[in-house]
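any chance you could fold what I've pasted below:
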Amino acid sequence: MRIAVLYNADDNLERAAPADALAVQAVRDCARAVADACRESGWTALELAAPRDPVELVGRLRDARADVVFNLVEALDGDARLEAAVAWLLELAGLPYTGSPPRAMTLALEKPLARAVLAAQGVPVPAGVTLTRGDEPLDGLVYPVIVKPAAADASHGIALESVVASEAEARARAAWLRETYEQAAVVEEFIDGRELNVSVLGEGDGAETLPLFEIDFDEDYPAGAPRLVTFISKWGPEDHPEFNGSWSVPARELPPGVAERVRATALAAYRALGLRDYGRVDIRLHPERGPFVVDVNPNPDISPCAGLNLAAHEAGLSHAQLIGRVVRAALERSHAHALALPR
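Sure, this is the predicted structure:
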């Protein structure tokens, strides 16, 4: 079987800060690891960087003669808003691919839209407001709040300075985000509690959670700083206290019934946005009010050192087995679709 591992190589970042290039290298490293896992399963794997030109992209994939495309593309030329476009191209070209469909990617990326869908489905999300122009009212918000890009992933634009204690600070941070990332900003209540990462495999009613993990903010984390997974926490540099002081670890013991509530909340969010194959739901656990969904990621890092694979390992799956499960799901979906077509 031939697997084309498709990833974004964004040498010319648009709508981003210079440090955001760190995440681009991480995607390349992830693609290499996924290809190695496919080879470990006895398959032929080709690593392909996604060009921005759609005709060229589809042409490269057809030339690869892949049975399945392992879609790791998170952006094109640094623009995360084009993530779903790649999935649409794969759909239109009739190429079997892994991961979530375009609608799910669009919903998850557009934070205001995702918040609205989740809230309508009864999934708890923090109270928040979207600043598109910058002068929209911020009435009713409880401070501190966190200010983040309305359409970005991989913690782009998230720093310790994102958590602010006043309306003036919130508007200033939102103005910086709009100028740097050329998009609206979401201002939402900062839930000061444990951060739990819920990795999910599968689709629809068959989706299941992997063992719960959480972010451990240890003594190396900056004293007095808000406990937050920033861009630096996720991507480095490795000698930075935010990186060294925040680790993904198996969740410590939770009060009776809370773990089940966290898993149920994560599955509800995963299904509400239509994710499939694999994904991660980030939850902040308020000590009195319970779990709140703060992010749903349909295309999380699936490299060996990433949280999703750590959770899979805790469940008894090797990295090759995890990648193999995702590939087989895409292949089975393709076969089922072919059988359903009229003859």
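
any idea which helix is longest in this structure?
helix 319-340 (DSSP state H).

by contact count, what packs against that one?
helix 21-40, strand 68-71, strand 194-203, strand 276-286, helix 307-314 (3 or more Cβ pairs under 8 Å, 6 or more residues apart in numbering; DSSP states H and E). C-betas here are computed from N, CA, C, even on glycine.

now with 7 Å?
Packing partners of helix 319-340 (3 or more Cβ pairs under 7 Å, 6 or more residues apart in numbering; DSSP states H and E): helix 21-40, strand 68-71, strand 276-286, helix 307-314.

okay if I get these as JSON lines plus mean neighbour count?
Below are the helices and strands packed on helix 319-340 laid out as JSON lines (neighbours: other Cβ atoms under 10 Å):
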{"stretch": "helix 21-40", "mean neighbour count": "19"}
{"stretch": "strand 68-71", "mean neighbour count": "25"}
{"stretch": "strand 276-286", "mean neighbour count": "24"}
{"stretch": "helix 307-314", "mean neighbour count": "21"}
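
which of these has the lowest mean pLDDT?
The stretch with the lowest mean pLDDT among the helices and strands packed on helix 319-340 is helix 21-40, at a mean of 85.

hey, where'd the strands end up in the stretch 1-150 of the chain?
For the stretch 1-150 of the chain, applying DSSP state E, counting those that start in this stretch gives strands covering 2-7, 44-49, 68-71, 128-131, 145-149.

and these as JSON lines, adding distance to Gly307?
What follows is those, written out as JSON lines (distance: least, Cβ to Cβ, whole Å):
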{"stretch": "strand 2-7", "distance to Gly307": "19"}
{"stretch": "strand 44-49", "distance to Gly307": "23"}
{"stretch": "strand 68-71", "distance to Gly307": "19"}
{"stretch": "strand 128-131", "distance to Gly307": "24"}
{"stretch": "strand 145-149", "distance to Gly307": "19"}
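
for the stretch 51-200 of the chain, which segments count as helices?
Ranges of helices in the stretch 51-200 of the chain, per DSSP state H, counting those that start in this stretch, are 54-64, 83-93, 102-109, 111-120, 167-181.

buried deepest among the ones you listed, which one?
Ranked by mean neighbour count, the helices of the stretch 51-200 of the chain are led by helix 102-109 with a mean of 22 (mean count of other Cβ atoms under 10 Å).

compute the distance between the most centrally placed residue in the chain and Ile283, please.
Taking Cα atoms, centre = their mean, the centroid of the chain lies closest to Asn297, which sits 2.8 Å from it. Remark: distance between Asn297 and Ile283 (Cβ to Cβ, to the nearest Å) = 12 Å.
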